[in-house]
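Visitor: sharing a model prediction with you, sequence too.
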Amino acid sequence: MERFHIDHLPGTVDLLTRSFLPEDAAEAREIVELLRPTDERRTTGFVATDGARVIGVAFAAVSHADPTVGHLDLLAVDPGHRRRGLGSELIAQAEQGLRELGCEVVRVAGNPPDYAFPGVDVRYTPAICTLTKAGYAHERTAWNMTAELRPGSKALADTSAAEARLAEQGVEVRVAEANDVARLRPIIAAEWGGHWAAEITSAQAVHIAVQDGEPIAFAAWGCTRPGWFGPMGTRPAAKGLGIGSVLLRRCLADQAKAGVTRAQIGWVGPVPFYAQAADAYIERVFFLYSKDL
């Protein structure tokens, strides 16, 4: 067992590729790059090796919202080395690293804006068993919705007619430029909180609706992972105009052009909206955990 350093990056990517579900393995490099320990954030990380091969990894970080809370951001053990206590050892090392950073509680839940999962996908049964054995308590459940990005699908329905109707009401819909994002961030922070305001700075693209020179709605994709959509928000005074479905479909069209075939709408709140606007359906379910250190 040793602390993660940059030389472990290729081996860690390889570990995730052979250990994760296919939809996560496809973005293994992006996940490692997002969550790996860096000097810019208060983080810690450990790897277990078998010769030159990485067979286990745990990354943890201090919460962006509360310095007494730590997050176990990533845990993976090679399938051929499970049931030998390696996962428990990695968790114990990560917990000690968080204690040294001043944390009193550790959560297995998204730590916006730097997270790859809302919690533990329920299909990762070995991880759930290991966390339960280590004393973690199930706090709540979250879910993602999937939008199929097939030609002719509702998710990729043309938005030009809807955009023309919005234009008649003085609403312009377009891709946000850097200065738009800068103007948008304090609005998002005031309406929905600082996490979303931070997330959009790493987005692949942000689409906005503007009225009277003021942003009234936004949607982003690729903030945490290339295949994931969100966050998205419409200011209260602009609700009911159909802006949300237009912004959603514009982002999904971007993702389809980028080669994404099944977009993940992450950490969903309004299930009926996404079901209606994009024929999206609940597919991934996550358990969120916590433990006092």
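Guide: Now that the structure is in, tell me what you want to look at. Bear in mind that the values here come from a model prediction, so they are computed numbers and not experimental data.

Visitor: what about L288, distance to D121?
Guide: From L288 across to D121, the span is 11 Å (C-beta to C-beta, to the nearest Å). Bear in mind the C-beta positions are built from the backbone N, C-alpha and C, glycine included.

Visitor: and what of F218?
Guide: 28 Å.

Visitor: which of those two has more neighbours?
Guide: Between F218 and D121, F218 has the larger neighbour count (other C-beta atoms under 10 Å), namely 29 against 19.

Visitor: report the contact partners of that one.
Guide: By C-beta atoms under 8 Å, 6 or more residues apart in numbering, the residues touching F218 are 176, 184, 188, 200, 206-209, 232-233, 247.

Visitor: which SS state does it fall under?
Guide: Following DSSP: H, G, I helix; E, B strand; the rest coil, the label given to F218 is strand.

Visitor: strands of this protein, start to end?
Guide: Using DSSP state E, the strands found in the chain span residues 2-3, 43-50, 53-62, 69-77, 105-108, 120-121, 137-148, 171-175, 205-211, 214-221, 228-234, 262-265, 281-292.

Visitor: so can I have a markdown table of those showing distance to E163 and mean pLDDT?
Guide: Output for the strands of the chain, formatted as a markdown table (distance: least, C-beta to C-beta, whole Å; pLDDT from 0 to 100):
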| stretch | distance to E163 | mean pLDDT |
| --- | --- | --- |
| strand 2-3 | 51 | 96 |
| strand 43-50 | 42 | 97 |
| strand 53-62 | 40 | 98 |
| strand 69-77 | 38 | 98 |
| strand 105-108 | 41 | 98 |
| strand 120-121 | 36 | 98 |
| strand 137-148 | 19 | 97 |
| strand 171-175 | 5 | 97 |
| strand 205-211 | 9 | 97 |
| strand 214-221 | 13 | 96 |
| strand 228-234 | 15 | 96 |
| strand 262-265 | 20 | 97 |
| strand 281-292 | 26 | 98 |
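
Visitor: closest one to T130 among the ones you listed?
Guide: Minimum separation from T130 across the strands of the chain (C-beta to C-beta) falls at strand 69-77, 7.5 Å.

Visitor: can you list the domains in this protein?
Guide: Domain assignment for the chain by automatic domain parsing gives 2-135, 146-285.

Visitor: will you turn these into CSV that also has distance to L293?
Guide: Formatted as CSV, these follow (distance: least, C-beta to C-beta, whole Å):
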stretch, distance to L293
domain 2-135, 6
domain 146-285, 23
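
Visitor: nearest to D292, out of the ones you listed?
Guide: Nearest of the domains of the chain to D292, taken as C-beta to C-beta: domain 2-135 at 5.7 Å.

Visitor: mind checking the end-to-end distance for that closest one?
Guide: One end of domain 2-135 to the other measures 23 Å (C-alpha to C-alpha, to the nearest Å).
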